[in-house]
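1. Dropping a prediction and its sequence here:
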Amino acid sequence: MAQRSGSANLPLHGGRVPPWLASRMTRLGTVISRAIVHHYGRDELLRRLAHPFWFQSFGAVMGMDWHSSGITTSVLGALKRGLSPLSGELGLHVCGGRGRHSRLTPQELVAIGDRVGLDGQALARSSRLVAKVDSAAVQDGYELYLHGFIVADDGKWVVVQQGMNGENRQARRYHWLSEGLTSFVDAPHAAIEGKGQGEIVNLTDHRAAASRQGQLDLLQSLGPDGIAGELAKLGDDGKRAVAPPAQLALPHLEMPGHHDVRPADVNLRRLHGNLAAAADRGPDDFAELLLVPGVGARTVRALAMVSEVVHGAPYRFADPARFSLAHGGKDRHPFPVPIVVYDETIRVLKSAVHQAKLGRDEELDAIKRLDEQARRLERRARGPGVEELIAKERRMSPAYGGRSVFGEEPPMSDEE
């Protein structure tokens, strides 16, 4: 049976991803996915996508708003654009999306099934059931507006879908994983993200099995009119007497409403481990990889965080804000996206994955050593505080080609 892995609050955030960032998210998300498949296999990538903490960190390292619900749409869009041309190589297919694109998911799945030899009708049924469960069986006040379905050539799949609550300006993301799934209506979620909103009627909770059976029994014995009569007899007192069962306790990732990255949002010990690993391994492993003068050391720091996204254990993703310190954010939080660094990160990763595909793993192994070194060093590493690091990044932003939705960062004046 699939396991839930956590929950979180996701503030709704307006705006669109600018084309200059969307194209880079596509390239970076694709090459990270290829690295994960190379090291750990296709099934592991599906497991990562079903993990809400990892998913949020994945979006943050790609320069999206680290705390917001917009990560869901932008990450799924980037993967759909980037992985579709590689479906023959990786055996992965990304379907669905937001709004009208979500409603096309069943047709996309049928077409994929015909092309690769899967039961497309069964996949389409799974897609519809997942949407029905999260929109009808889990009555939590969130209206679904996004549905992404990623399926592999062997029929395994993951679903990431999201609902919004307009009144409280929050979103809830739902993750499903076919691995270990035995029932669509008995605790099927790999994870549900989003803080509880009052009393939630969750008929998929395994403790609600008796309730589900009781509803069927009532319908068969009384019929619709009989049920309506019984409900009328309950009145207000009856309603108050029947308390809903408590929800399962889940690890909870609280995404704050503030947009800026604050010290409390970052695990400083792990951040110092990332920085120390970049300083320690960079000269040894990357002397021949980094060819652009002046940005080599900064790119290695970004690669240290990307390496953790590829190799890190699930428990290491409880602070998605830390991963925004790799490539900033489109709204200048924590700092403008450093285009020169971002492009260099993509170049190094693409080269490493390409060489690994040819049987030469030296470059990709060098990136992996950044994560290994970070975990060894974080117990004793020391470094700048979060505010100091962000201030330095903003000062250096023009030199790194800093860019945001507000435009390019202007050069600093002599007074600054």
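-> Structure received. Computed from a prediction, not measured in an experiment: that's the story for all the values here.
2. what about the protein, any weak spots by pLDDT?
-> Residue ranges of the chain with pLDDT under 70: 1-9, 134, 136-140, 180-253, 287-295, 413-416.
3. Repeat the analysis, applying 80 as the threshold.
-> Scanning the chain for pLDDT under 80 picks out 1-9, 14, 133-141, 180-254, 281-295, 412-416.
4. show me where it has strands.
-> 7-11, 92-98, 138-139, 143-152, 157-165, 170-177, 191-192, 201-202, 252-254, 337-338, 402-404, 407-408 (DSSP state E).
5. want to try a markdown table for these, with mean neighbour count and distance to residue 317 as columns?
-> From N, CA and C alone the C-beta is placed, and that goes for glycine too. Compiled in a markdown table, the strands of the chain are given as follows (neighbours: other C-beta atoms under 10 Å; distance: least, C-beta to C-beta, whole Å):
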| stretch | mean neighbour count | distance to residue 317 |
| --- | --- | --- |
| strand 7-11 | 22 | 11 |
| strand 92-98 | 22 | 21 |
| strand 138-139 | 16 | 24 |
| strand 143-152 | 22 | 19 |
| strand 157-165 | 23 | 15 |
| strand 170-177 | 25 | 13 |
| strand 191-192 | 26 | 12 |
| strand 201-202 | 17 | 25 |
| strand 252-254 | 15 | 9 |
| strand 337-338 | 28 | 21 |
| strand 402-404 | 22 | 25 |
| strand 407-408 | 12 | 31 |
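6. Residue 159 against residue 128, yeah?
-> No. Under the criterion of C-beta atoms under 8 Å, residue 159 makes no contact with residue 128, lying 11.1 Å away.
7. Give the closest residue to residue 122 in space, chain neighbours not counted.
-> In this structure, residue 122 finds its nearest non-sequential neighbour in residue 113, 8.0 Å apart by C-beta to C-beta, 6 or more residues apart in numbering.
8. What is the burial count for that neighbour?
-> Residue neighbour count, defined by other C-beta atoms under 10 Å, stands at 19 for residue 113.
9. And residue 332, by the same measure?
-> Neighbour number of residue 332 under other C-beta under 10 Å is 19.
10. same check, this time on residue 303
-> For residue 303, the tally of surrounding residues (other C-beta under 10 Å) stands at 31.
11. how far away is the closest residue to residue 96 other than its chain neighbours from residue 157?
-> Across the structure, with C-beta to C-beta, 6+ apart as the measure, the residue nearest residue 96 apart from its sequence neighbours is residue 105 (3.9 Å). For residue 105, the distance to residue 157 equals 11 Å [C-beta to C-beta, to the nearest Å].
12. shared neighbours of those two, anything?
-> Counting by C-beta atoms under 8 Å, 6 or more residues apart in numbering, the residues touching both residue 105 and residue 157 are residue 149.
13. Could you measure from the most centrally placed residue in the chain over to residue 370?
-> Averaging the C-alpha coordinates of the chain gives a centre point, and the residue nearest to it by C-alpha atoms, centre = their mean is residue 55 (1.9 Å). To residue 370, residue 55 is 22 Å away according to C-beta to C-beta.
14. same deal with residue 165?
-> Taking C-beta to C-beta as the criterion, residue 165 is separated from residue 370 by 39 Å.
15. give the contact list for residue 398.
-> Contacts for residue 398 (C-beta under 8 Å, 6+ apart) come out as 409, 410, 411, 412.
16. same deal with residue 312?
-> Shown here is residue 312, whose contacts under the criterion C-beta under 8 Å, 6+ apart are residue 371.
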